[in-house]
Each structure stands twice: as C-alpha cells, then as structure tokens.
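K.L.:
A structural model of the following input is requested.
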Amino acid sequence: MVIAQAKKIEVEGEALVFTFAATHRSLMAQLERKRAWVEQLAASASGRKMAVIMREADPAPGPTIIDPAAARQADLRARAAAEPTVQAMLDVFGGEIEDVEEIQ
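P.N.:
Next up is the predicted model:
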C-alpha cells in the first residue's frame, strides 16, 4: 500500500527511485523500514542488484495571482471574438482584437 501512494516510481541506473509528495513523508518512513525486502524483490524481478531510493517531490507551484482588470479585459476580448459580426469583420479585413470597452 505504501508503494501505491508514490507519486512516481522510476528506474535510474541500478536504483529504484520512489518519489513521494511532501504530504506522504510518513509513507517514506514506512518504506524505509521495508527497504531490504523491496531491494530483494527488485533484484529478483530485474535479475540484478537494485538499490531503493526515496525522494520527496518538489512542492507544487502556488496559486497564480490574477489581476482582476486583466482577467476582465481577457473576458471582454473572448466575448467580442465570439460575436458573429466581429468574426465576419476579422475574416474580411484580418487583424486582431487589441482593446475592448464595455458599453454600459
């Protein structure tokens, strides 16, 4: 069950590398206690001596901060581009939408 929670399992040269998410540090400790058994199993399956290495995965990037004004402008551009009249104008004259203002 511990191995199934690994984020990634790879063979690097003569080593079997288990990468765990930071939230699964306790699972790394459990695998450490079973290291000899896993190394023996890996050697039996591969026909060569294999070391077991455990790594912690790099943390996921944090949430991206979105500028509300930029998000609003992107939404307005998408809505304008979806309009059939605007699409027809772009098809005939080419170009691209640079700026959009909402009429209130």
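K.L.:
mind listing the helices in this protein by residue range?
P.N.:
25-33, 35-46, 68-82, 84-93 (DSSP state H).
K.L.:
Name the residues that touch the last one?
P.N.:
Outside of helix 84-93, the residues that reach it under the criterion C-beta atoms under 8 Å, 6 or more residues apart in numbering are Ala80, Ala81, Glu96, Ile97. (C-beta placed from N, C-alpha, C; glycine too.)
K.L.:
Turn the helices of the chain into JSON lines, including mean pLDDT, distance to Gly13 and mean neighbour count.
P.N.:
Listed next are the helices of the chain as JSON lines, based on pLDDT from 0 to 100; distance: least, C-beta to C-beta, whole Å; neighbours: other C-beta atoms under 10 Å:
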{"stretch": "helix 25-33", "mean pLDDT": "86", "distance to Gly13": "19", "mean neighbour count": "14"}
{"stretch": "helix 35-46", "mean pLDDT": "91", "distance to Gly13": "12", "mean neighbour count": "13"}
{"stretch": "helix 68-82", "mean pLDDT": "84", "distance to Gly13": "46", "mean neighbour count": "12"}
{"stretch": "helix 84-93", "mean pLDDT": "83", "distance to Gly13": "55", "mean neighbour count": "10"}
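K.L.:
Of all those helices, which one comes closest to Val11?
P.N.:
helix 35-46 (7.9 Å; C-beta to C-beta).
K.L.:
tell me which strands and helices that closest one is in contact with?
P.N.:
With contacts taken as 3 or more C-beta pairs under 8 Å, 6 or more residues apart in numbering; DSSP states H and E, helix 35-46 sits against strand 15-20, strand 51-56.
K.L.:
Looking at those, which one is packed in the most?
P.N.:
The highest mean neighbour count among those, using mean count of other C-beta atoms under 10 Å, belongs to strand 15-20: a mean of 19.
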